[in-house]
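> For reference, the sequence and a predicted model appear below.
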Amino acid sequence: MNTLKIVGLLCCLAFLVRSAHLPERSMDARSLVEKILGNIPMVHGSSVKIPGLTLDPSSQSRNIPYQSMVTSLGIPAAPELKTVCRPLNQIDFTLEVCLSSMSAGLQLYQDVLGVLKERVTTEKVTGLLADIRDLLAQVNKMQEPGQMSSVAQYEASGLASRLPGDYEVQVATHFILLQLRDFTQNLKRSLRNVEHLTSRPGQSG
């Protein structure tokens, strides 16, 4: 057996070994996702007191007057998981790119929630931040060790310098939690795609 065949066989075996752990780690991650989605309304309710700013989808039109503040406060947007974590019938699905995008988004929310934790009075933000840290750790475990060093680390947003008063803090908290909810829902769907990947190793990219 020539060297190329041996290398190919070893790579295949390594992927199969790794794939065997992916479903379990993904399920652990999805459990944390459900916890985060359940805690977001409680964090919002205890932190945001501005009338009209709610998480109710039917009330989202009330957000329009505040949209310009998202830009002026420099609230960062997380990676778009729908683009890079498509269902497995899309030939350009790449596992490492998907997991890297999940990690980058969770690093973003770890940063901005860390800022909010210093500015709001509720301890619920601290709990939410801890859940995001745990979820980030689970996602990172799903990545290949050799890929971890190549993942771009999220650069701090500098959000704290753009929150001069309580009003700005509440508006930022509202939109960050809205965006976190959307990102986490997409992450949940993406984790299902990752679980399905284990039965189709040829799609790993």
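Alright, I've got the coordinates.

> Leu178 sits in which helix or strand?
Using DSSP states H and E, Leu178 maps to helix 166-197.

> To clarify, my last question referred to Val33.
Element membership for Val33, per DSSP H and E: helix 3-47.

> Can you spell out which helices and strands pack onto the helix or strand just after that helix?
On the C-terminal side of helix 3-47, the closest following helix or strand by DSSP H and E is helix 67-72. Based on contacts counted as 3 or more Cβ pairs under 8 Å, 6 or more residues apart in numbering; DSSP states H and E, the elements that helix 67-72 packs against are helix 166-197. For glycine as for every other residue, the C-beta is placed from the backbone atoms N, C-alpha and C.

> Could you pull out the buried residues of the helix it packs on?
168-181, 183-184, 186-188, 190-191, 193-197 (16 or more other Cβ atoms under 10 Å).

> ok, now stretch 62-70?
For stretch 62-70, burial by neighbour count (16+ other Cβ under 10 Å) applies to 63, 69-70.

> For those, give me JSON lines that also has pLDDT.
Formatted as JSON lines, the buried residues of stretch 62-70 follow (pLDDT from 0 to 100):
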{"residue": "Asn63", "pLDDT": "79"}
{"residue": "Met69", "pLDDT": "91"}
{"residue": "Val70", "pLDDT": "90"}
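
> Redo the residues you listed as TSV? Include distance to Leu163.
Below are those laid out as TSV (distance: Cβ to Cβ, whole Å):
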residue	distance to Leu163
Asn63	18
Met69	11
Val70	13
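
> what comes into contact with stretch 157-169?
Residues outside stretch 157-169 that contact it (Cβ atoms under 8 Å, 6 or more residues apart in numbering) are 50, 69, 72-76, 108, 111-112, 115-116, 118-120, 172.

> got the end-to-end distance for it?
15 Å (Cα to Cα, to the nearest Å).

> repeat for stretch 43-58
19 Å.

> Same question for it: list its buried residues.
Buried residues in stretch 43-58 (16+ other Cβ under 10 Å): 43-44, 47-48, 53-55.

> Return the member of those residues nearest to Arg133.
Val43 (15.0 Å; Cβ to Cβ).

> List the contacts of that closest one.
With contacts defined as Cβ under 8 Å, 6+ apart, the neighbours of Val43 are 122, 124-125, 128, 173, 177.

> Which residue is the nearest non-sequential neighbour of it?
Lys124 (4.6 Å; Cβ to Cβ, 6 or more residues apart in numbering).

> what does Ile176 give?
Take Ile176 and drop its neighbours on the chain: the residue closest to it by Cβ to Cβ, 6+ apart is Val112, 5.4 Å away.

> Quick one: residues contacting the one you found.
Taking Cβ under 8 Å, 6+ apart as the contact definition, Val112 lies against 75-76, 157, 159, 172, 176.

> Taking helix 166-197 as reference, get the angle to the host helix or strand of it.
According to DSSP H and E, Val112 maps onto helix 95-117. If you take axes from the mean of the first three to the mean of the last three Cα atoms, to 10 degrees, helix 95-117 sits at 160 degrees to helix 166-197.
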